[in-house]
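Participant: with the input below, show me the fold.
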Amino acid sequence: MWVRKRIDIGWSDLGAGMLHALRPFDRKAAGRGLERAWSEADDALACLSVRSGFDLLLGTLDLPPGSEVLVSAVTIPDMVRIIREHGLVPVPVDVDIESMAPKLERIQAAVTPATRAILVAHLCGGRFPIGPVVELAERHGLLLLEDCAQAFAGPGYRGDPAADVSMFSFGPIKTATSLAGALLRVRDPELLGRMRTRQAAYPVQSRAYYFRRLWKYTAMKVGAMRPVLAGIVAYWKLRGWDPDRMINGTARGFPGPAFFSMIRKQPSAPLLALMRRRLRRFNTDRLARRTARGEFLVKYLDGRVTCPGTRTRPHTHWVFPVLADNPDEVIAALAGAGFDATQGQSMCVVDPPPDRPELEPAEARLMLAKTVYLPFYPEMPEKPFRRMIDLMLEELVPASVSAVGPGVEPAPAYASSTYPSR
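Facilitator: Reported below is the predicted structural model:
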């Protein structure tokens, strides 16, 4: 079975992380070195996760209770949970399916005197221009927060300089993962200083915890190998467990009820050291191959299948979603052929405040209900990749529409010779 997502970390990186966890060194020095490497403007802050950084930011801002935070309507549930934990009101802004960007007219309609900030998310590996949102935020005196957790594209991009805060994730399923960790850029020096002081009072996540995490994801990397994964899924089904929920659950960053005590910690020294290593050794070739494959698929499916977010440029195709009226049938058909597609359980649609039903993000809700995420990564060889697209099209479009055949040539950057069989 071709797993839905490959963990983007090599065996040598896992080994280096374990050595870092066993070797004592200065955590503060490691943090300073990482932050300087991230931004020469001295505006970077290393955190345990984007959730940790966002919670730290809202706690430091200490906005009046009942203040509103506008949020891209499609996000992860924990971001909404954090907003509410601080006594604030999340207000959804519906998104444009082609770009996954919040619609400007919906932002304007959502702003009230109680609005204090807007959180925009770049999704699926794409990045939309935030200039119009910047102008609107400045006009209304709003803080502009940029969630770039899914948009990391290597050393050349550190967030839009016009955003007040830009947040990048290096969690388990992200590009160039360190299996945890986040880097923020906070453009207001006074706010950054207060955030540093507040975070310094947090306990440090233990080396032992991170060492266990490294072993867990080493086991998951082994488990993602096709024969191993097939056996694991067969066992789960035999026990009556839902493989989709089990796979998604294993990758959750902060499971369990003690959510806030888990995220309110400082990153450990080995985590900081591994993040620095991943940035220094960033695999531009893998990203280029993933991007090229995604661009080919976008062009080929154009007019046949709706692919959310694929109109943005640049776009690295961190995931590849398609819309289906029959998502369960598509997923089942792909699973029967050995492809681990999913509807995903990590994203949610933000509900409007009870007294503002006109802000219901109908487009986002309909889109998420129809979304299927394809197994998508450059390590999948050309032959199974084409077979997956053939099958998907059979399930999504009339049989008379031709599938990916030998006459359709992919971009040279990921010709079949680039992807050796496993």
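
Participant: could I get the full set of helices for the stretch 201-350 of the chain?
Facilitator: Under the criterion DSSP state H, counting those that start in this stretch, the stretch 201-350 of the chain carries helices at the ranges 207-223, 226-238, 243-250, 259-263, 269-280, 284-301, 327-336.

Participant: which among those helices is found nearest to residue 167?
Facilitator: helix 259-263 (13.2 Å; C-beta to C-beta). C-beta coordinates here come from the backbone N, C-alpha and C atoms, glycine included.

Participant: what's the average pLDDT for the closest one?
Facilitator: When pLDDT is averaged along helix 259-263, the result is 95.

Participant: got it, and stretch 369-384?
Facilitator: Here the average pLDDT along stretch 369-384 is 93.

Participant: quick one: contacts for the most centrally placed residue in the chain?
Facilitator: Geometric centre of the chain, nearest residue: residue 150, 3.4 Å, by C-alpha atoms, centre = their mean. Listed by C-beta atoms under 8 Å, 6 or more residues apart in numbering, the contact set of residue 150 reads 121-125, 169, 174, 318-319.

Participant: cutoff 10 Å now
Facilitator: 76, 100, 121-127, 168-169, 173-175, 309, 316, 318-319 (C-beta atoms under 10 Å, 6 or more residues apart in numbering).

Participant: quick one: the helices of the stretch 201-350 of the chain as TSV, columns for distance to residue 56 and mean neighbour count too.
Facilitator: Below are the helices of the stretch 201-350 of the chain laid out as TSV (distance: least, C-beta to C-beta, whole Å; neighbours: other C-beta atoms under 10 Å):
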stretch	distance to residue 56	mean neighbour count
helix 207-223	19	16
helix 226-238	37	14
helix 243-250	26	16
helix 259-263	9	16
helix 269-280	16	23
helix 284-301	29	18
helix 327-336	36	16
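
Participant: now these as TSV including distance to residue 372?
Facilitator: Shown next, in TSV, are the helices of the stretch 201-350 of the chain (distance: least, C-beta to C-beta, whole Å):
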stretch	distance to residue 372
helix 207-223	22
helix 226-238	18
helix 243-250	12
helix 259-263	29
helix 269-280	30
helix 284-301	13
helix 327-336	5
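
Participant: closest to residue 139 out of those helices?
Facilitator: Distance to residue 139, taken as C-beta to C-beta, is lowest for helix 259-263 among the helices of the stretch 201-350 of the chain, at 32.9 Å.

Participant: the closest one packs against which elements?
Facilitator: helix 50-61, helix 77-85 (3 or more C-beta pairs under 10 Å, 6 or more residues apart in numbering; DSSP states H and E).

Participant: got any ranges where this structure has weak pLDDT?
Facilitator: Along the chain, the parts satisfying pLDDT under 70 run over 223-256, 397-422.

Participant: show me which strand runs longest in it.
Facilitator: For the chain, the strand with the greatest residue count under DSSP state E is strand 115-121.

Participant: now do the end-to-end distance for stretch 19-30.
Facilitator: End-to-end distance of stretch 19-30 (C-alpha to C-alpha, to the nearest Å): 15 Å.

Participant: just put the helices and strands packed on helix 259-263 in CSV and tack on mean neighbour count.
Facilitator: Output for the helices and strands packed on helix 259-263, formatted as CSV (neighbours: other C-beta atoms under 10 Å):
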stretch, mean neighbour count
helix 50-61, 23
helix 77-85, 18
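
Participant: make a markdown table out of the ones you listed and add distance to residue 198.
Facilitator: Formatted as a markdown table, the helices and strands packed on helix 259-263 follow (distance: least, C-beta to C-beta, whole Å):
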| stretch | distance to residue 198 |
| --- | --- |
| helix 50-61 | 5 |
| helix 77-85 | 15 |
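
Participant: of all these, which lies closest to residue 268?
Facilitator: The nearest among the helices and strands packed on helix 259-263, by C-beta to C-beta, is helix 50-61 at 12.6 Å.

Participant: distance from the chain centre to that closest one, please.
Facilitator: Centre-to-centre, helix 50-61 and its host chain are 18 Å apart (C-alpha atoms, centre = their mean, to the nearest Å).

Participant: cool, stretch 336-354 as well?
Facilitator: On C-alpha atoms, centre = their mean, the centre of stretch 336-354 falls 13 Å from that of its chain.
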